[in-house]
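[1] structure, please.
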Amino acid sequence: MTDLATPPFSLTEQERSLLPSDADIEFYAGHGWYLTKKLFTDDEIDELAAASERYYGGERDRTLPVRPPKLAYWDPTKGDVQRHNDYVHYEHDAIARLLRKPLIGAVAAALARCDEIRVFQSTLIYKPPIVAEPTNLVPWHFDKHYWSTSSSERMLTAFIPFHDCAEEMGTITMVDGSHRWRETGRDDSVTRHFAQRDPGDLERALAQNAAYNNAGVVKIPMIIPKGHMSFHHCRTYHGSDTNRSPRPRRAVSLHLQDGENAYRLFELGTGELLAYNHDVLVRRLPDGRPDYSDPDFCPVIWRGGATGNGDPNQALEGGHASLRLGSAAS
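    I've put the predicted structure just below:
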């Protein structure tokens, strides 16, 4: 994206106070999710919401050079269903500038315990206030299944609502500690997006994996005030309920990768190689593999640890964040 300069990888003192503390980082390691302090101002969130409206109205700074085979891309012909639009960080500069805020990358680097954070994917989401709309229900899944061509186990996602987001709106809900589970087994179906699978099958898979790990299924709805966001580990089971409120639930899922993540071959049972959407878009490495560090599609948003001075050897710092749990946490 030639017109978006790489921001300086530094934080103000006020931003440094918003980083997760050591205790928060340990909490994330144990539970697989984390609720942040207020990382966006109200004005920044309002700007995101306004930019998303322009995006839905057809505004683009550029479009994808080719259309990947599994692209999520709502348009008005699809009607009043739950909208998912991938690659908004590539197509729309106003959205991209806010999603590439260094503070978001610094928080992600602290949680993932790494020195570099790159965008992996971004999905603009709009959940209409229609209780009976079947697409509003997002069944239980974890993201790493869809990212099987990625080598890293430290990838994570920031869920960024454009408003106060509570249970009534069908907020994202985590299965506490599920990122630490061992799977009962693996078949090719887990690499298919949840929209292509039976929700009952995914519910059974969650229960079976919990039983296999002698664990209970503890569901924690994320109660997220405006300007705050949740993070979850790439192996944390999550989903969301329908929107029972009188207004749409609007958000971005910002998927992030650590600097060591790279493409790897992943063979399905048929012998066919699994492909991610990036694989037809990003540049190629000298050995022919897709380059998951291509700055056009996977820009760096943080480098140098989480201290704001570019020194990856300094200890991570930050104030203690208040961890607000939904009603299920009790």
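[2] from the chain's centroid, how far away is the helix or strand encompassing residue 302?
    Residue 302 belongs to strand 300-303 when elements are defined using DSSP states H and E. For strand 300-303, the separation from the chain centroid amounts to 16 Å (computed by C-alpha atoms, centre = their mean, to the nearest Å).
[3] give me the residue at the spatial middle of this protein.
    Centroid-nearest residue in the chain: residue 157, 2.7 Å away (criterion: C-alpha atoms, centre = their mean).
[4] give the helix, strand or coil label for it.
    Secondary structure of residue 157, reduced to three states by DSSP: H, G, I helix; E, B strand; the rest coil: strand.
[5] give me the contacts around the strand holding residue 302.
    Strand 300-303 is contacted from outside by 6-7, 9, 99-102, 104-106, 108-109, 115-119, 256, 259, 293, 310, using C-beta atoms under 8 Å, 6 or more residues apart in numbering. C-beta: built from backbone N, CA, C; applies to glycine.
[6] separate out the buried members of the residues you listed.
    The neighbour-count test (16 or more other C-beta atoms under 10 Å) applied to the contacts of strand 300-303 identifies 9, 99-102, 104-106, 108-109, 115-119, 256, 259, 293 as buried.
[7] taking the residues you listed one by one, which sit in strands?
    For those, membership in strands holds for 116, 117, 118, 119, 256, with DSSP state E as the criterion.
[8] of all those residues, which two lie farthest apart?
    The two members of those with the most space between them (C-beta to C-beta) are 116 and 119, at 11.6 Å.
[9] can you tell me the strand partners of the strand holding residue 302 and which way each runs?
    Take DSSP bridges as the rule and strand 300-303 pairs in its sheet with strand 116-127 (antiparallel).
[10] average pLDDT across the partner strand?
    Mean per-residue pLDDT for strand 116-127: 98.
[11] next secondary structure after it?
    Past strand 116-127, heading to the C-terminal end, the next element that is a helix or strand (DSSP H and E) is strand 138-141.
[12] buried sites along that following strand?
    Of the residues in strand 138-141, those buried (16+ other C-beta under 10 Å) are 138, 139, 140, 141.
[13] what is that strand packed up against?
    In this structure, strand 138-141 packs against helix 199-212, strand 238-240, with contacts taken as 3 or more C-beta pairs under 8 Å, 6 or more residues apart in numbering; DSSP states H and E.
[14] partners of that strand in the sheet?
    For strand 138-141, using DSSP bridges, the partner strands are strand 238-240 (antiparallel).
[15] list the contacts of stretch 112-119.
    Residues outside stretch 112-119 that contact it (C-beta under 8 Å, 6+ apart): 25, 89, 99-100, 105-106, 108-109, 154-156, 254-261, 292-293, 297-305, 312.
[16] just the helices in the stretch 51-200 of the chain please.
    Using DSSP state H, counting those that start in this stretch, the helices of the stretch 51-200 of the chain run over 88-91, 93-99, 102-112, 199-212.
[17] output the below-cut-off pLDDT ranges for the stretch 101-250 of the chain.
    Within the stretch 101-250 of the chain, the stretches falling below the threshold (pLDDT under 70) are 185-200.
[18] hey, where'd the strands end up in the protein?
    Counting by DSSP E, the strands of the chain are 33-35, 83-86, 116-127, 138-141, 156-161, 172-175, 219-221, 230-233, 238-240, 249-258, 300-303.
[19] any chance of these in CSV, plus distance to residue 60?
    As requested, those are exported to CSV (distance: least, C-beta to C-beta, whole Å):
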stretch, distance to residue 60
strand 33-35, 33
strand 83-86, 11
strand 116-127, 12
strand 138-141, 26
strand 156-161, 21
strand 172-175, 27
strand 219-221, 34
strand 230-233, 28
strand 238-240, 27
strand 249-258, 16
strand 300-303, 21
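[20] tell me which of the ones you listed lies nearest to residue 270.
    Each of these was scored for nearness to residue 270 using C-beta to C-beta, and the closest is strand 138-141 (21.8 Å).
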